[in-house]
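Q: Make a model of this:
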Amino acid sequence: MMLSAEQLLEMWLKQREIQHQSAHTLHAYARDVGDFLHFCQQKNMPLADVETADLREFLAYKVEAQQLSSSSLQRMLSSIRQFMKWAEQGGYLAFNPADDFQLKRQPRPLPGMVDIETVQQILDQPEPESERQKQLWVRDKAILELLYSSGLRLAEVQGLRIKDLDFNRQLLRITGKGNKTRVVPFGSKAKDSVMRWLQIYPLWQGDFVPDAQLFITEKGQPLGARQIENRVKLQAQRAGVNVDLHPHLLRHCFASHMLSNSRDLRAVQEMLGHSNLTTTQIYTHVDFDHLAQVYDQAHPRAQRKEQG
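A: Here you go, the predicted structure:
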């Protein structure tokens, strides 16, 4: 029995789900590959007849219609490529037209940076006057401190539950991409801020149980990702700094400041939850003096002769 392209997509997604892909990633796969299959359907083109030129036409159409960025395009191509590879390996396709198809890669930009003084200015700004704004600031400060203290992703800080914090050892249990968990330390400033926030928590109808979300709205509802983004931006404006602050920028700051002070790429990789060291290396701003110093100290044939 010939399976339709839609049935194949359903089978592939089911297999990905079994491999513990996150709901967010599965949704992106379904959307990207689903869009491509819809495009093929409109052209009355069976999946087995797709050629590289059709893929190019589809991506050009997406760029035109949706003004896609290069990274969105790469993600879309990656989804289609993985689906087609799976279909080819399963014998549903004779060959994979996406195999050799390459987009011109844009060089990965270095994340924008904010210096330590600016971050301190945001975190140590005076409290607002009114009681309501003061309570909102206490919650927002706890969010900001954790983002900077432990380099969390937006979805990770949003997903934190009360039981994920170990105050005695100052450790956080994080559920990151692909439902992978990692344990990271958090600093004493972050600990103080979260402790203070938890005193307000019950006043906002927060149900103080281990499984409850750590960050909630004034009505006791879990705080959404967009709300967190808006609050982070607002608190940077309130501090009077000329920075378009977003959660990921604080993650960049955490990585960069940690690396420049510790030089321990492997430890920072672990804390950021990067499966690949190459990703972490984006944050290393090469310090050539330090590089020369390390080389002189470490390489057997680099020791400079003492001046006699």
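
Q: can you map out the strands along this protein?
A: 165-166, 171-175, 181-185 (DSSP state E).

Q: Pairing partners for the first one, with directions?
A: Looking back up the chat, that one is strand 165-166. strand 171-175 (antiparallel) (DSSP bridges).

Q: re the thing from before, of the strands of the chain, which is nearest residue 61?
A: For residue 61, the closest of the strands of the chain is strand 171-175, at 36.4 Å, according to CB to CB. Bear in mind the C-beta positions are built from the backbone N, C-alpha and C, glycine included.

Q: which parts of the closest one are buried?
A: Using 16 or more other CB atoms under 10 Å as the test for burial, strand 171-175 gives 172, 174-175.

Q: now that strand and strand 181-185, what's the angle there?
A: Here the directions of strand 171-175 and strand 181-185 differ by 150 degrees (axes from the mean of the first three to the mean of the last three CA atoms, to 10 degrees).

Q: Run through this structure and note the low-pLDDT ranges.
A: Along the chain, segments meeting pLDDT under 70 span 1, 100-113, 176-177, 206, 257-308.

Q: Can you give the domain ranges for it?
A: Per automatic domain parsing, the structural domains of the chain span 5-89, 116-288.

Q: Adding distance to residue 53, write the buried residues of strand 171-175 out as a markdown table.
A: Formatted as a markdown table, the buried residues of strand 171-175 follow (distance: CB to CB, whole Å):
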| residue | distance to residue 53 |
| --- | --- |
| 172 | 49 |
| 174 | 44 |
| 175 | 42 |
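
Q: tell me, how many neighbours does residue 138 end up with?
A: Residue 138 has 19 neighbouring residues, counting by other CB atoms under 10 Å.

Q: begin at 23 from here
A: All set: I'll call the first residue 23, so the last point we hit is now residue 160.

Q: May I ask you to confirm that it is in contact with residue 220?
A: No: here residue 160 lies out of contact with residue 220, judged by CB atoms under 8 Å, at a distance of 9.7 Å.

Q: TSV for the domains of the chain, including distance to residue 121?
A: Below are those laid out as TSV (distance: least, CB to CB, whole Å):
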stretch	distance to residue 121
domain 27-111	7
domain 138-310	22
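
Q: and residue 117, which of those is closest to it?
A: Of all the domains of the chain, domain 27-111 comes closest under CB to CB, at 6.4 Å.

Q: What is the end-to-end distance of the closest one?
A: Criterion CA to CA, to the nearest Å; first-to-last residue distance in domain 27-111 is 15 Å.

Q: what's the answer for stretch 143-155, then?
A: Rule used - CA to CA; the end-to-end distance of stretch 143-155 is 18 Å.

Q: can you list contacts of it?
A: Residues from elsewhere that reach stretch 143-155 (CB atoms under 8 Å, 6 or more residues apart in numbering): 156, 158-160, 163, 166-167, 170, 211, 240, 257-258, 260-263, 267.

Q: one more time with 10 Å, if that's ok
A: Stretch 143-155 has contacts (CB atoms under 10 Å, 6 or more residues apart in numbering) with 136-137, 156-160, 162-163, 166-167, 170-171, 211-212, 215, 240, 254, 257-263, 265, 267, 272.

Q: Ok, stretch 31-44 next?
A: Residues contacting stretch 31-44 (CB under 10 Å, 6+ apart): 25-26, 45, 47-52, 55-56, 58-59, 69, 104-109, 112, 114, 177, 197-202.

Q: Kindly recompute the last result at 6 Å.
A: 48, 52, 55, 105, 108, 200-201 (CB atoms under 6 Å, 6 or more residues apart in numbering).

Q: Looking at these, which are in helices?
A: Secondary structure assignment by DSSP state H places 48, 52, 55, 105, 108 of the contacts of stretch 31-44 in helices.

Q: Give me the buried subset of these.
A: So, of those, 52, 55, 105, 108 end up buried under the neighbour-count rule (16+ other CB under 10 Å).
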